[in-house]
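[1] Below are the sequence and a predicted model; questions follow.
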Amino acid sequence: MQSIIPPGLSAGEDVTEIAKGGVQEWTPIEQVKLYTNAFILQDNKILLGYKKRGFGKDLYNGFGGKVDPGETSVEAAVRELQEEAGITAPLRHSGVLFFTVSDVAHAFYIDVYYANEYSGTIEETEEMRPQWFSVEQNATGTQHNSNKTDSEFAPIPYEQMWADDPFWLPLLIQGRPFIGRADFGADGRMQKWWFAEIPVSSDV
Ligand SMILES: COc1nc(N)nc2c1ncn2[C@H]1C[C@H](O)[C@@H](COP(=O)(O)OP(=O)(O)OP(=O)(O)O)O1
């Protein structure tokens, strides 16, 4: 039987497909680079960063980047969170994402992490501008002052995020592990995608 897991990812067959689309074959993988992406979830809010430069500029995302030689993935995730948001957190693994982008030579293998607490003071850095958003679906707020109540924070700005994020970020927020792959065209749109929930005990 042919596996439903896209090339680049590995998992048992006991996955629950969340979404898939696109018609063409998966883009062949030539080179893979390891990345991290980390989110703080606290009091019905999620901390995102507005990317000020480089890849993904002008989009909101978690905090992360490349895993350096000699580093473990979680060490890299902790370092990137400190470098980009000024804080330290006990990060826990939540999922794996795999992306190709048509004008980028390597594929992105991304370990995604979250934490419900952090230490230090959240600060804007030269790469990221951190901002809290409400995870409540009916959030309407537009103010981001930390003295406001949760419902007064703006909802997650999916329209200013990578197109893959609406498929897996809700799972991360709900504590449901996931895997997924998307192949992006030069226009920033997903050409082919597949996302799934995996059992909590899975070691991806
Ligand atoms: C293509 O789809 C993507 N979707 C999402 N949600 N996140 C993505 C996608 N592609 C990459 N990412 C994530 C992975 C990392 O967390 C960042 C990119 O990291 P960056 O290029 O900034 O890596 P650094 O090591 O910090 O780079 P510098 O050398 O510029 O510091 O986006």
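    Yep, that arrived. Numbering: from 1, shown residues only.

[2] C-alpha from now on. contacts and neighbour counts both.
    Will do.

[3] who does the longest helix belonging to the chain touch, helix- and strand-wise?
    Ranked by residue count, the top helix of the chain under DSSP state H comes out as helix 73-85. Packing partners of helix 73-85 (3 or more C-alpha pairs under 8 Å, 6 or more residues apart in numbering; DSSP states H and E): strand 32-42, strand 87-88, strand 128-134.

[4] Reformat those as JSON lines; add mean pLDDT and mean neighbour count.
    As requested, the helices and strands packed on helix 73-85 are arranged in JSON lines below (pLDDT from 0 to 100; neighbours: other C-alpha atoms under 10 Å):
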{"stretch": "strand 32-42", "mean pLDDT": "98", "mean neighbour count": "21"}
{"stretch": "strand 87-88", "mean pLDDT": "98", "mean neighbour count": "18"}
{"stretch": "strand 128-134", "mean pLDDT": "97", "mean neighbour count": "23"}
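
[5] and the longest helix of the chain, which residues are buried?
    For helix 73-85, the neighbour count (16 or more other C-alpha atoms under 10 Å) marks Ser73, Val74, Ala76, Ala77, Val78, Arg79, Glu80, Leu81, Gln82, Glu83, Glu84, Ala85 as buried.

[6] okay, Asn147: pLDDT?
    Listed pLDDT for Asn147 reads 53.

[7] scratch that, Val23 is what I was asking about
    So Val23 comes in at 79 (pLDDT).

[8] cool, and Ser151?
    Reported pLDDT at Ser151 in the predicted model: 61.

[9] sorry, back to before: adding distance to the ligand, write the helices and strands packed on helix 73-85 out as CSV.
    Shown next, in CSV, are those (distance: least, C-alpha to the nearest ligand atom, whole Å):
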stretch, distance to the ligand
strand 32-42, 4
strand 87-88, 15
strand 128-134, 9
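
[10] mind checking which of those strands is nearest Lys51?
    strand 128-134 (4.8 Å; C-alpha to C-alpha).

[11] Give the other helices and strands that the closest one contacts.
    strand 45-51, helix 73-85.

[12] swap the cut-off to 6 Å and go again
    Applying 3 or more C-alpha pairs under 6 Å, 6 or more residues apart in numbering; DSSP states H and E, one finds that strand 128-134 contacts strand 45-51.

[13] and the strand it packs on, what does it pack onto?
    strand 60-61, strand 128-134.

[14] just to revisit the earlier point, what's the closest of the buried residues of helix 73-85 to the ligand?
    Nearest to the ligand among those, counting by C-alpha to the nearest ligand atom, is Glu80 at 6.9 Å.

[15] Now Arg189: closest residue in space, sequence neighbours ignored.
    Using C-alpha to C-alpha, 6 or more residues apart in numbering and skipping residues adjacent in sequence, the residue nearest Arg189 is Ala163, 6.8 Å away.

[16] Kindly confirm my reading that that neighbour forms part of a helix.
    No. With DSSP: H, G, I helix; E, B strand; the rest coil as the criterion, Ala163 is assigned coil and is not in a helix.

[17] and the gap between it and the ligand?
    Applying C-alpha to the nearest ligand atom, to the nearest Å, the value for Ala163 to the ligand is 7 Å.
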